[in-house]
Each structure stands twice: as structure tokens, then as C-alpha cells.
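[1] model this:
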Amino acid sequence: MNMLENISENLGTTNPWVEKGGAQWLVPGSVSVREIAKAMNSIEARFITITAYQLPGDEGLRLEYHWDNDGQLLGFTFLPVNNAIESIYDLCEAADWIEREVHEGFNLDFTGRPYEPLLLRKGDKMGINMREEGK
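    Numbering: from 1, shown residues only. I've put the predicted structure just below:
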């Protein structure tokens, strides 16, 4: 069994991995971002970052979580529900700043973590990176 099959089996998902842009991508379905973080930690993969995209109109956001496992890039795509997703900063220290940046820039709630300002200045509004139709 290869590494990707092992990860899928550990997560209990049968969703296929898709190779795109030199990375392997998985839409994990009902698997939570915290379960992904725990699985990545168990194979000693390194958390890289989170990329946030505003979807057209009022469709919300798409988040992509990026990991490195011995030079193999792994990506996981999530659609936050009610503008919130679980935090992983307590599982992956490197997630602390990017969660705070996405919180401020896209007004997304990372549940289960305290909030400390990162980039916003006095008077700046949450969601500063959102297009007007998404505010």
C-alpha cells in the first residue's frame, strides 16, 4: 500500500486523490480538518499554510490546507460551514499565524482558539480582503 492509500485508510475515506500542479489533492468529505492534522502529524508531515479563496457571490469561502511529506505536496480542500472551521493551531504551531491572518482577512472563525490581532490596525474592519459582494 502506498503513502496516499495509507492516509486515506487512516482517515476512513474512499475519496480519490487527484494529482494537480505537482501536488496530490484530496477533498476529504466528512473528515474534519482536525482529523487531517492528526493524520498528518502521525506521519510527521510538515504543515505549510492555508490558502483562502472567496467563492463567487455569497457562496462563502474555500480553504486549502497544504502539507509536505518528504517532498510530496499534499493538499486538502474544505468549505467552511456558517463561516467557521475548527482551528488546528494547537496541533500544528505553524497554523497559528495563518489562521489569524485568514480570520482577519476573510472574517472566518477558527473555532476553539483565542483571537489575538495580527495585522489589523485600529479602525480596520474584519474581512478586509473580501470583495464587496461577499461582505
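
[2] avg pLDDT for the longest helix anywhere in the chain?
    The helix that spans the most residues within the chain, counting by DSSP state H, is helix 95-106. Here helix 95-106 scores 92 as its mean pLDDT.

[3] do stretch 44-61 as well
    The pLDDT scores in stretch 44-61 average 92.

[4] start to end distance for that stretch?
    Taking CA to CA, to the nearest Å as the measure, stretch 44-61 stretches 28 Å from start to finish.

[5] Now that stretch: buried residues?
    Under the neighbour-count criterion of 16 or more other CB atoms under 10 Å, stretch 44-61 has 45, 47-48, 50, 52, 54, 60-61 buried. (Each C-beta comes from the backbone N, C-alpha and C, glycine too.)

[6] Stretch 29-36 too?
    Residues of stretch 29-36 classed as buried by neighbour count (16+ other CB under 10 Å): 31, 33, 35-36.
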